[in-house]
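Colleague: With the sequence up front, the predicted model follows.
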Amino acid sequence: MKYRHSFHAGNFADVHKHVTLLALIASLQRKDKGFLYLETHAGRGLYDLHGADTHQGAEARLGIGALQAARCDRPQVAAYLDALARARGNANAASAYAGSPVLAALALRAQDRGVCCEIQAAECRALERALRCYPRMRCECVDGYQAIGALLPPPERRALVLIDPPYEEQADDLQRATDGLGKSLARLANAVVALWYPIKDDRDTGPWLERIAPRLPVPALVAELWLHPRDARVGLNGSGLLIANPPYQLDVEMAQWLPALGAALGATRQGGSTVRWIAHEQH
């Protein structure tokens, strides 16, 4: 596989994904009982926005760069920016961008634990280095989809699973991610599962959601943010998260902060955002 998270580190999709991830963790931590955080496609954890791998942060300028230049007073956004600042301090690297493994590691409590999976050997070694100062998080150099079967259900009986594949082959990766979502829920029915997907052409994304919605056995919502028309041919038009078993009130809270985040990233020109339920609990 040639894909590297670093090419897109800190872009608007990363910002959307990571603000949402920290909001999910904060929601789960309203209960004292610990949980397992499991990430299937972790990457290297830290990225140098001045480095060649990130094209000197070219995409980040329209993501984290735009957000830091804007004024967005939502507490979920402030929590994300604070976590990023702490990650940079811990790494002693002012130009670093923290990926989801490091951001999640910063948020875990003593009773929580995390496992991040990365199948590419070089990326996994870099991830091990990035996580050295975070004892609640460990990484495994394995296929993340296989780890779902091995690690769920966890002793805690609570879990947050992030499925974020590279989408090198859009249709194949989307099917594997969908299967990973189903496998997670089959192993632990109350797992909170966040599946990230790119919005490149709504003529593909829309029918996929319509197909899987009736088959979801638990409540699920989608949270989407797009900067370009959803059928434009610019590449990545938007960012989506399908969240199964969303924590209580997440939809209400997200409906307040997601438009503000989108505005800070420039979505008001040709883009937008939405939070909507696609599956409700069966009675």
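Modeller: Alright, I've got the coordinates.
Colleague: Regarding residue 81, which helix or strand does it belong to?
Modeller: For residue 81, the host element (DSSP states H and E) is helix 75-91.
Colleague: same thing with residue 184?
Modeller: helix 170-187.
Colleague: Which strands or helices does that helix pack on?
Modeller: helix 144-151, strand 159-163, strand 192-199, helix 202-212, strand 238-244 (3 or more Cβ pairs under 8 Å, 6 or more residues apart in numbering; DSSP states H and E). C-betas here are computed from N, CA, C, even on glycine.
Colleague: neighbouring contacts of the helix holding residue 81?
Modeller: Outside helix 75-91, the residues within contact range by Cβ atoms under 8 Å, 6 or more residues apart in numbering are 15, 18-19, 22-23, 26, 46, 64, 67-68, 94-98, 102-103, 106-107, 130, 133, 253, 257, 260-261, 264.
Colleague: Show me those residues that map onto helices.
Modeller: 15, 18-19, 22-23, 26, 64, 67-68, 102-103, 106-107, 130, 253, 257, 260-261, 264 (DSSP state H).
Colleague: Of those residues, keep whichever come out buried.
Modeller: Using 16 or more other Cβ atoms under 10 Å as the burial test, the ones in helices among the contacts of helix 75-91 include 15, 18-19, 22-23, 26, 64, 67, 102-103, 106-107, 130, 253, 257, 260-261, 264 as buried.
Colleague: what about the helices and strands packed on helix 170-187, which gets the closest to residue 33?
Modeller: strand 159-163 (11.6 Å; Cβ to Cβ).
Colleague: Neighbouring strands of that closest one in the sheet, and parallel or not?
Modeller: strand 36-39 (parallel), strand 192-199 (parallel) (DSSP bridges).
Colleague: Pull the residues that contact the last one.
Modeller: Residues from elsewhere that reach strand 192-199, judged by Cβ under 8 Å, 6+ apart: 13, 17, 20-21, 24, 28, 159-164, 167, 170, 174, 177-178, 180-181, 184-185, 205, 208, 224, 226, 230, 236-247.
Colleague: Which among the residues you listed count as buried?
Modeller: 13, 17, 20-21, 24, 28, 159-164, 167, 174, 177-178, 180-181, 184-185, 205, 208, 224, 226, 230, 236-247.
Colleague: got the contact list for the closest residue to residue 113 other than its chain neighbours?
Modeller: By the measure of Cβ to Cβ, 6 or more residues apart in numbering, the closest residue to residue 113 outside its immediate chain neighbours is residue 136, 5.4 Å from it. Contact partners of residue 136, counting by Cβ under 8 Å, 6+ apart, are 105, 108, 109, 110, 112, 113, 114.
Colleague: Show me the residues you listed that map onto helices.
Modeller: Those of these lying in helices (DSSP H): residue 105.
Colleague: if I look at residue 98, how far off is residue 14?
Modeller: 10 Å (Cβ to Cβ, to the nearest Å).
Colleague: More neighbours: these two, which one.
Modeller: residue 98 (29 against 25; other Cβ atoms under 10 Å).
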